[in-house]
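# Return a 3D structure for these sequence lines:
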Amino acid sequence: FKVFFVLRKKQNQITFLHVYHHTIMAVFSWCYLKFLPGEQGVIIGFLNFLVHVIMYSYYLIAALGPKYKKYLWWKKYMTSIQLLQFVLILIHLILTLIMDCRTPKALTYFFVIVTISFMYLFNDFYRQAYKKKMK
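Numbers count the residues shown, from 1 in each chain. Below is the predicted model:
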């Protein structure tokens, strides 16, 4: 999608959060597929799938043109849904540690740190994008 941002001259949408998130997700996904295929990653993948269905539904409606703008009132809730996803993923990861599941501990701790960093960055984005507008 970064290519489309550049082609549409929307460089302002290419933020640290955007690049960091997608770069880390590539590493995250590779680690899961390499070291845990068919294991604990299914839950995380399913949560991510649901969030993306919601996000791309929003983008589809937005792409239909200005007359559909009235149906896009829920944009700020997408970030809230992403934050909820990260909370659920963090709970899942912590439970795999507590229950001593057969997952590499170092990898799980790495995923916990990444998830916490996502929570921080997405919360910061939400605060800057929506809380300031409300004041």
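
# okay, CA-based contacts and neighbour counts for the rest of this
Fine.

# Any stretches of this structure with poor pLDDT?
1-13, 37-40, 132-135 (pLDDT under 70).

# For it, just list every one of the helices.
For the chain, the helices defined by DSSP state H occupy 2-7, 16-35, 41-63, 75-98, 105-126, 132-134.

# center of the chain, which residue is that?
Gln82 (5.3 Å; CA atoms, centre = their mean).

# Excluding sequence neighbours, find me the nearest residue to it.
If the residues on either side of it in the chain are set aside, Gln82 comes closest to Val51, at 6.6 Å by CA to CA, 6 or more residues apart in numbering.

# The one you found against Ser80, yeah?
No. The pair Val51 / Ser80 is not scored as a contact, 10.4 Å apart, by CA atoms under 8 Å.

# Please point out which parts of stretch 95-103 sit buried.
Buried residues in stretch 95-103, counted by 16 or more other CA atoms under 10 Å: Thr96, Leu97.

# most remote residue from this structure's center?
Outermost in the chain, CA atoms, centre = their mean: Lys67 at 28.4 Å.

# Now do the same contact list for Pro66.
By CA atoms under 8 Å, 6 or more residues apart in numbering, the contact set of Pro66 is empty.

# From Asp124, how far out is it?
29 Å (CA to CA, to the nearest Å).

# Look at Val51 and Ser80 and report which has more neighbours.
Neighbour tally, Val51 and Ser80, criterion other CA atoms under 10 Å: the higher count belongs to Val51, 18 against 14.
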